[in-house]
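> No sequence on hand, only this structure:
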Ligand code: NAD
């Protein structure tokens, strides 16, 4: 059980981050949720987790595109046994037309934020004598697709940083790994289904299997619960010697 551990999950007011925070709370961890907004509904998500799982949960606003706010998130949390670097955005464009501000935002949120949070969290993990860093990369951390230059660069970058942090902590009770999801059914992905159905004149199942999951051999989405379960596994004693590696949760995408 993760009782008494504090987990910070960046970008966790929706989708995969929230799913991971839920599974960590189910396993007994106190959780810190985060995004860049500060709405009543953000704080309500934390209260709901506390009520459901009997753990401490709070929401801390911090913009992961800003290095100082990344570091402040860790400081404000006051403890960080488990760090899940999950915040991420996407933009799709040919590289010669790629808007510079989108490139900068993707590198800042998807890659630089993990540098800042890891730098701030490691001293706390060392003081506590235990730590787990779980970076949410992507199948695009291992393979590429056209028009996703910034995303693919950032995700390959975080896989590289994962290996370096693992080497720097190899002789300590701290591990650092990356989870590489394929297509995951998040509210964001769900919201694209009706438009795509209309665009291709296809039904829901056909759009999912032929268009969205074209590259995912299982023809099934991964779920946020499965990603949460993978994160909980990486925090377990069974995973103590797993460090500096990637775990794909992609229905066979990267086996192709
Ligand atoms: P999502 O849009 O539901 O979640 C992204 C989260 O990041 C949200 O909570 C959002 O508020 C937060 N965020 C965005 N910008 C931020 C900022 N500046 N500061 C703080 N928080 C910020 O999408 P998701 O699918 O759950 O994505 C989560 C992670 O999983 C991302 O890193 C994404 O690249 C990765 N991923 C997703 C898929 C997929 O199919 N959905 C596949 C592979 C990898």
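Structure's in. What do you need? Just so it is clear, the structure is predicted and the values come from calculations on it, not from any experiment.
> pretty sure residue 37 contacts residue 61?
Yes: counting by Cβ atoms under 8 Å, residue 61 is a contact partner of residue 37 at 6.7 Å. The C-beta positions use only the backbone N, C-alpha and C, and glycine is treated the same way.
> What helices and strands are in contact with the helix or strand where residue 21 lies?
Using DSSP states H and E, residue 21 sits within helix 15-26. Under the contact criterion of 3 or more Cβ pairs under 8 Å, 6 or more residues apart in numbering; DSSP states H and E, helix 15-26 touches strand 6-9, strand 30-35, helix 40-53, strand 82-85, strand 131-136, helix 224-234.
> For the ones you listed, state which one has the densest average packing.
strand 82-85 (a mean of 30; mean count of other Cβ atoms under 10 Å).
> Now the residue nearest in space to the middle of the chain: phi and psi?
For the chain, the residue nearest the mean C-alpha position is residue 86 (2.4 Å; Cα atoms, centre = their mean). Torsion angles at residue 86 (phi, psi; degrees, to the nearest 10) stand at phi -120, psi -30.
> So the closest residue to residue 91 other than its chain neighbours: helix, strand or coil?
Leaving aside its sequence neighbours, residue 91 sits nearest to residue 102 (Cβ to Cβ, 6 or more residues apart in numbering; 4.2 Å). Under DSSP: H, G, I helix; E, B strand; the rest coil, the three-state class of residue 102 is helix.
> residues in contact with residue 102?
Contact analysis of residue 102 by Cβ atoms under 8 Å, 6 or more residues apart in numbering lists 91, 93, 150.
> more crowded one of residue 37 and residue 61?
Neighbour comparison, residue 37 and residue 61: the larger count goes to residue 61, with 18 against 11 (by other Cβ atoms under 10 Å).
> and that one, how far is that from residue 116?
As defined by Cβ to Cβ, to the nearest Å, residue 61 lies at a distance of 16 Å from residue 116.
> Write out the residues of the stretch 151-256 of the chain neighbouring the ligand.
181, 183-184, 186, 188-189 (Cβ under 6 Å from any ligand atom).
> What is the nearest of those to residue 33?
residue 186 (15.6 Å; Cβ to Cβ).
> so what's the closest one up against?
Neighbours of residue 186 in contact, by Cβ under 8 Å, 6+ apart: 14-16, 224.
> Could you rerun that using 10 Å?
Going by Cβ atoms under 10 Å, 6 or more residues apart in numbering, residue 186 touches 14-19, 221-224, 227.
> Just the buried residues from those residues, in ChimeraX please.
Entered in ChimeraX, the line below selects the buried ones among the contacts of residue 186, by 16 or more other Cβ atoms under 10 Å:
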select :15,16,17,18,19,221,222,223,224,227
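> Is residue 138 in contact with residue 179, as I believe?
Yes: with contact defined as Cβ atoms under 10 Å, residue 138 reaches residue 179; the gap is 8.9 Å.
> Between these two, which contacts overlap?
In contact with both residue 138 and residue 179: 246, 248, 250, using Cβ under 10 Å, 6+ apart.
> who touches the second one in this structure?
Shown in contact with residue 248 (Cβ under 10 Å, 6+ apart): 137-139, 141-142, 178-182, 222, 230, 254-255.
> swap in the last one?
For residue 250, the contacting residues are 138-139, 142-143, 179-184, 215-218, 222, 256, taking Cβ under 10 Å, 6+ apart as the criterion.
> got a pLDDT number for it?
Turning to residue 250, the model gives it a pLDDT of 98.
> May I have the phi/psi pair for it?
Note on residue 250: its backbone torsions stand at phi -140, psi 20 [degrees, to the nearest 10].
> before we move on, which element is the nearest residue to residue 92 once chain neighbours are set aside in?
Spatially, and ignoring its direct neighbours in sequence, residue 92 is nearest to residue 147 (4.8 Å; Cβ to Cβ, 6+ apart). If you go by DSSP H and E, residue 147 is not part of any helix or strand.
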